[in-house]
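Colleague: Here you go, sequence then predicted model.
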Amino acid sequence: MARILITGATGFLGHNLLLGLKTDHEVWAGYYRNRPGVPDCNPVPLDVSEESRVVEQMSRIRPDMVVHAAAISRPDDCERDPDVARRVIVDGTRNVARACREAGARLAHISTDLVFDGSKGNYLEEDEVHGISVYSRAKIEAETIVRAVDSSAVILRVAVLYGAGSPAYAGYVANVLRQWGKGEPVTFYTDQYRSPTYAPQVAECVNRLLRDPEVCGILHLGGAERLSRFDFGVLLARQVGAPESLLRPGSMWDAKGAAPRGADCSLVSAKIKRLLGLEAMSCAAGLRHLFSVK
Ligand SMILES: NC(=O)c1ccc[n+]([C@@H]2O[C@H](COP(=O)([O-])OP(=O)(O)OC[C@H]3O[C@@H](n4cnc5c(N)ncnc54)[C@H](OP(=O)(O)O)[C@@H]3O)[C@@H](O)[C@H]2O)c1
């Protein structure tokens, strides 16, 4: 059993990490504004942008591992308020990385497929990053800081996440289902490709990292396949028995969002299989699992 501190534990990923890790480990749920939606998980107030608080909590809890999931995770929010985005993503990550180094805690820093500009697709860990939005540039800077502060840290790049929603963050699948439930069609891009990550696999990854303390550096954990947003919608519709008339094909170039997005940010997750034996799940399997545990 390890002692694990999760930052951003009330977020979509944080919630899935709590669910996946709390049975076998002593978890500490770092929260900011919202309270964690999982009982018995040692809630601890933690604004990552406050350096002294981060240091204080870290030296009090003395975690074996910190999973740093706190961020402003919506690119449009970052574009609208770059100062807050930088304060949380860049300064917050610096604070967490330094405090981990001081406390001797292993850091698993959660990063994103959006460090890539989407011009190539099927990205490997060593491919060149290129930020095209406030969010992606901040996440790239955060990765650079982590590497400079702590060479033993793991930088785990995940893709679009799906899984169980937290009380504060319902997530993409729940939002689509809500709209479908009202009989309203949802637009899915046919020209934007990703490799969606089943969020519980991130908890599985943390378990495997704990078993293998030597693994460090950048790892990709996407899904098993490169899919368009529309392909994902089709899989979801099949899984829940929704008529395909509720899927409206669209183009990402018609989107009104504030932040630019890459067309193909799909990730190759071969290294993580090689190093940790973790096989990225297909979306069909992930969605099957998600609805079997509901
Ligand atoms: N969601 C995706 O599809 C996706 C894809 C690729 C990568 N990622 C990465 O995965 C990680 C988790 O994303 P997510 O989807 O779980 O995000 P999320 O649902 O938006 O949750 C963000 C979390 O960060 C917390 N937070 C915000 N400001 C904070 C601060 N100053 N101090 C401490 N905590 C703060 C939020 O707390 P409050 O609720 O209290 O505000 C919340 O718990 C992020 O690093 C994100 O960049 C996400």
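Modeller: Thanks, I have the structure now. Numbering: from 1, shown residues only.

Colleague: where exactly do the helices run in this structure?
Modeller: Remark: helices assigned in the chain by DSSP state H are 12-21, 51-61, 75-80, 82-85, 92-103, 134-149, 172-181, 200-211, 229-240, 270-276, 283-292.

Colleague: so of the ones you listed, which one's packed in deepest?
Modeller: Neighbour counts (mean count of other Cβ atoms under 10 Å) averaged over each of the helices of the chain peak at helix 12-21, with a mean of 25. C-betas here are computed from N, CA, C, even on glycine.

Colleague: Serialize the helices of the chain to a markdown table and add fields for distance to the ligand.
Modeller: As requested, the helices of the chain are arranged in a markdown table below (distance: least, Cβ to the nearest ligand atom, whole Å):
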| stretch | distance to the ligand |
| --- | --- |
| helix 12-21 | 3 |
| helix 51-61 | 9 |
| helix 75-80 | 9 |
| helix 82-85 | 8 |
| helix 92-103 | 6 |
| helix 134-149 | 6 |
| helix 172-181 | 7 |
| helix 200-211 | 8 |
| helix 229-240 | 12 |
| helix 270-276 | 15 |
| helix 283-292 | 13 |
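
Colleague: Out of the ones you listed, the one nearest residue 30 is which?
Modeller: For residue 30, the closest of the helices of the chain is helix 51-61, at 7.2 Å, according to Cβ to Cβ.

Colleague: So what touches that closest one?
Modeller: The contact list for helix 51-61 (Cβ atoms under 8 Å, 6 or more residues apart in numbering) reads 3, 5, 28, 30, 44-48, 66, 91, 95-96, 98-100, 102-103, 105.

Colleague: next one: stretch 168-188
Modeller: Identification of contacts with stretch 168-188 by Cβ under 8 Å, 6+ apart yields 10-12, 15, 34, 37, 160-165, 228-230, 232-233, 236-237, 240, 242, 245-250, 287, 290.

Colleague: residue of this structure with the smallest distance to the ligand?
Modeller: residue 11 (2.2 Å; Cβ to the nearest ligand atom).

Colleague: didn't that residue look like it was pressed against residue 68?
Modeller: No. Look at residue 11 against residue 68 with Cβ atoms under 8 Å: they stay out of range, at 11.4 Å.

Colleague: Distance to residue 121 and mean pLDDT for the helices of the chain - can I get that in a markdown table?
Modeller: Output for the helices of the chain, formatted as a markdown table (distance: least, Cβ to Cβ, whole Å; pLDDT from 0 to 100):
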| stretch | distance to residue 121 | mean pLDDT |
| --- | --- | --- |
| helix 12-21 | 23 | 97 |
| helix 51-61 | 36 | 96 |
| helix 75-80 | 18 | 95 |
| helix 82-85 | 26 | 98 |
| helix 92-103 | 26 | 97 |
| helix 134-149 | 16 | 98 |
| helix 172-181 | 20 | 96 |
| helix 200-211 | 21 | 98 |
| helix 229-240 | 14 | 97 |
| helix 270-276 | 15 | 98 |
| helix 283-292 | 16 | 96 |
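
Colleague: I'd like those as JSON lines, with distance to residue 264 appended.
Modeller: Below are these laid out as JSON lines (distance: least, Cβ to Cβ, whole Å):
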{"stretch": "helix 12-21", "distance to residue 264": "23"}
{"stretch": "helix 51-61", "distance to residue 264": "36"}
{"stretch": "helix 75-80", "distance to residue 264": "16"}
{"stretch": "helix 82-85", "distance to residue 264": "24"}
{"stretch": "helix 92-103", "distance to residue 264": "26"}
{"stretch": "helix 134-149", "distance to residue 264": "14"}
{"stretch": "helix 172-181", "distance to residue 264": "18"}
{"stretch": "helix 200-211", "distance to residue 264": "21"}
{"stretch": "helix 229-240", "distance to residue 264": "11"}
{"stretch": "helix 270-276", "distance to residue 264": "17"}
{"stretch": "helix 283-292", "distance to residue 264": "16"}
